[in-house]
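>>> Structure for this input, please:
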Amino acid sequence: MRILLVSSFLLFKKTRFGGAKRLFELANYLDRSEEMHLICFDSCNESEGLGYCRQEFRKAIDFGFPKIPVWKKAFYPPGFPAILYKENRQAIQNFISGMSFDAILLCYPTALVVLQNPLIAKHPNIVYLEDDFQTERYRSDAKSALNPFRKAFCLFRGWQMGIAQSRMLRVVKKIICISQEEMEYAKVHFPWLQPHIIQYGLPPSEYPIVPLPGYLNSVGFIGNFRHYPNPEAVDWFLNQVFPRLRKRDPRFSCIIAGRDIPGWLKAKHEIVSGVRFWENVERLEHFYGLIGIFVNPVRTGKGLRTKMIEAAFFGRPMVSTSLGAEGLQDTLGISIADTPEQFTQTVAELVSNPIGIREIVQRNRRIAETHFTVEAQGAKLLRLLEELPR
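Prediction:
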């Protein structure tokens, strides 16, 4: 089977974005199993990854993102800069020239710009993949915005993107979501598309169980802080939850790790006793080796939390908000807590029950190895593509 995969992200091993990590593993599976041709755009500004996809995949090409003046961005729907395709039209045409594809997989909004190519737009088997729908994110931001100008901006950009996305998706046959919640959203906003769920998959051999530390009262969070819900979540946790934990037991500590941690967040909280910020963790195992419990206080945004799957593989019990556990509540053993009091109580109860923690670790690892491997999710994606009419 010959597949054209167009990614809005650069796909390389050390990407900092959860969506790109998920897609990297799925693309690797397709590349091993079938004849895949890959086009990558750098919509996340990870220019350090340019060129890597040509090394990771057999047939691949990648493009940087054009510099667009701020005033001009208002004329482009978010994620769909027409200039991106125009600047690279000939290179893309040369890359796909003479090829007949059985399926075209467009991943995340920016990938839709290739529909300006008439040969791609007329293909009968186009599938679209997205999680954390950006249109829904704008609506959510508008709802929570206190500043009326911010609210108006989010409503306008969400409306602008929704119109553009709906128009482009008219030529698509199926949509791949990452959770039941996301699929329900797709059914409402794109009713002509056949929705499917494909979740996050990891290679188990690269994510071994990390032994628990001798002190379970060390909690931690790791994420990409350019993803706006993460700094907001950490700020809430350090303001509302961590002081309560320290009041219960002064030995509680907290490690906040990841890339691009905002300066304002560190300045506000690094003076607090027991809080440590750790940027650019080279190996995830080192982070997980220092914490007893993984916390996910995410309160905005959508989509399956890739960090939760990683925590399950590495063998850490998880305490999360309902939103942070979206799409995983019925599979992994995640303790849900939505208020500061619930979060504090749940973490304290886990720390006081080391035998229970070890049972959770083993159970979650078994579930992760069954449901959240690259092989399981990749095979599901391949079956979906093979079922398309030829």
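
>>> Tell me which residues of the helix or strand that contains residue 367 come out buried.
Element membership for residue 367 (DSSP states H and E) is helix 354-371. By 16 or more other C-beta atoms under 10 Å, the buried positions in helix 354-371 come out as 357, 360, 361, 364, 365, 368, 371. Every C-beta, even on glycine, is put in place using the N, C-alpha and C of the backbone.

>>> Can you say which two of those residues are spatially most distant?
Spanning the widest gap among the buried residues of helix 354-371 are 357 and 371, at 21.2 Å by C-beta to C-beta.

>>> low pLDDT regions in the stretch 1-150 of the chain?
Counting by pLDDT under 70, the stretch 1-150 of the chain shows low-confidence ranges at 68-82, 144.

>>> Please repeat the previous calculation with a cut-off of 90.
Within the stretch 1-150 of the chain, the stretches with pLDDT under 90 are 12-22, 43-55, 64-87, 98, 130-150.

>>> For the stretch 151-300 of the chain, which segments count as strands?
For the stretch 151-300 of the chain, strands defined by DSSP state E, counting those that start in this stretch occupy the ranges 174-177, 194-197, 218-224, 253-259, 275-279, 293-296.

>>> a markdown table for the ones you listed, including mean pLDDT, mean neighbour count and distance to residue 154?
Output for these, formatted as a markdown table (pLDDT from 0 to 100; neighbours: other C-beta atoms under 10 Å; distance: least, C-beta to C-beta, whole Å):
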| stretch | mean pLDDT | mean neighbour count | distance to residue 154 |
| --- | --- | --- | --- |
| strand 174-177 | 94 | 23 | 22 |
| strand 194-197 | 94 | 16 | 25 |
| strand 218-224 | 93 | 22 | 21 |
| strand 253-259 | 94 | 21 | 25 |
| strand 275-279 | 95 | 15 | 29 |
| strand 293-296 | 96 | 25 | 24 |
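
>>> As JSON lines, these with distance to residue 347 would be great.
Conversion of the strands of the stretch 151-300 of the chain to JSON lines gives the following (distance: least, C-beta to C-beta, whole Å):
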{"stretch": "strand 174-177", "distance to residue 347": "31"}
{"stretch": "strand 194-197", "distance to residue 347": "30"}
{"stretch": "strand 218-224", "distance to residue 347": "6"}
{"stretch": "strand 253-259", "distance to residue 347": "10"}
{"stretch": "strand 275-279", "distance to residue 347": "15"}
{"stretch": "strand 293-296", "distance to residue 347": "6"}
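
>>> For residue 209, which of these is the nearest?
Checking the strands of the stretch 151-300 of the chain against residue 209 by C-beta to C-beta gives strand 293-296 as the closest, at 13.3 Å.

>>> pLDDT on the next helix or strand after that closest one, on average?
Using DSSP H and E, the helix or strand that follows strand 293-296 in sequence is helix 306-314. In this model, helix 306-314 carries a mean pLDDT of 91.

>>> got the CA positions of helix 306-314 in PDB?
Output in PDB follows, covering the C-alpha atoms of helix 306-314 (Å, rounded to 0.1, in the frame of the first residue of the first chain):
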ATOM      1  CA  THR A 306       0.300  11.800  26.100                       C
ATOM      2  CA  LYS A 307       2.200  12.500  29.300                       C
ATOM      3  CA  MET A 308      -0.300  10.200  31.100                       C
ATOM      4  CA  ILE A 309       0.500   7.300  28.800                       C
ATOM      5  CA  GLU A 310       4.200   7.900  29.400                       C
ATOM      6  CA  ALA A 311       3.700   8.000  33.200                       C
ATOM      7  CA  ALA A 312       1.800   4.600  33.100                       C
ATOM      8  CA  PHE A 313       4.600   3.000  31.100                       C
ATOM      9  CA  PHE A 314       7.300   4.300  33.500                       C
END
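
>>> For that helix, enumerate the helices and strands it packs against.
Counting contacts by 3 or more C-beta pairs under 8 Å, 6 or more residues apart in numbering; DSSP states H and E, helix 306-314 packs against helix 18-33, strand 218-224, helix 284-288, strand 293-296, strand 318-320, helix 354-371.

>>> can we see that at 7 Å?
Judged by 3 or more C-beta pairs under 7 Å, 6 or more residues apart in numbering; DSSP states H and E, the packing partners of helix 306-314 are helix 18-33, helix 284-288, strand 293-296, strand 318-320, helix 354-371.

>>> okay if I get the ones you listed as a markdown table plus distance to residue 108?
Formatted as a markdown table, these follow (distance: least, C-beta to C-beta, whole Å):
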| stretch | distance to residue 108 |
| --- | --- |
| helix 18-33 | 6 |
| helix 284-288 | 23 |
| strand 293-296 | 22 |
| strand 318-320 | 24 |
| helix 354-371 | 23 |
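
>>> just so I have it, where are all the helices in the stretch 1-150 of the chain?
Using DSSP state H, counting those that start in this stretch, the helices assigned to the stretch 1-150 of the chain run over residues 18-33, 52-56, 70-73, 82-96, 118-121, 134-144, 148-168.

>>> For residue 350, which of those helices is the nearest?
helix 18-33 (24.3 Å).

>>> Show residues contacting the closest one.
Helix 18-33 has contacts (C-beta atoms under 7 Å, 6 or more residues apart in numbering) with 3, 5, 7, 9, 11-13, 15, 36, 38, 44, 57-58, 107-108, 131-132, 200-202, 306-307, 374, 377-378, 381-382.

>>> before we move on, the earlier item: just say which of the helices of the stretch 1-150 of the chain is most tucked in.
Most buried of the helices of the stretch 1-150 of the chain, by mean neighbour count (mean count of other C-beta atoms under 10 Å): helix 18-33, with a mean of 22.

>>> now that helix: how far from the chain's centre is it?
Centroid separation for helix 18-33 versus its chain: 13 Å, with C-alpha atoms, centre = their mean, to the nearest Å.

>>> Just the CA coordinates for that helix, please, in CSV.
In CSV, the C-alpha atoms belonging to helix 18-33 read as follows (Å, rounded to 0.1, in the frame of the first residue of the first chain):
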residue,chain,number,x,y,z
GLY,A,18,2.8,15.4,22.5
GLY,A,19,0.9,15.4,19.2
ALA,A,20,4.1,15.2,17.2
LYS,A,21,5.4,12.3,19.4
ARG,A,22,2.2,10.4,18.8
LEU,A,23,2.4,11.0,15.0
PHE,A,24,6.1,10.2,14.9
GLU,A,25,5.4,6.7,16.3
LEU,A,26,2.4,6.1,14.0
ALA,A,27,4.5,7.3,10.9
ASN,A,28,7.3,5.0,11.9
TYR,A,29,4.9,2.1,12.0
LEU,A,30,3.5,2.9,8.5
ASP,A,31,7.0,3.4,7.2
ARG,A,32,8.0,-0.1,8.4
SER,A,33,4.8,-1.8,7.2
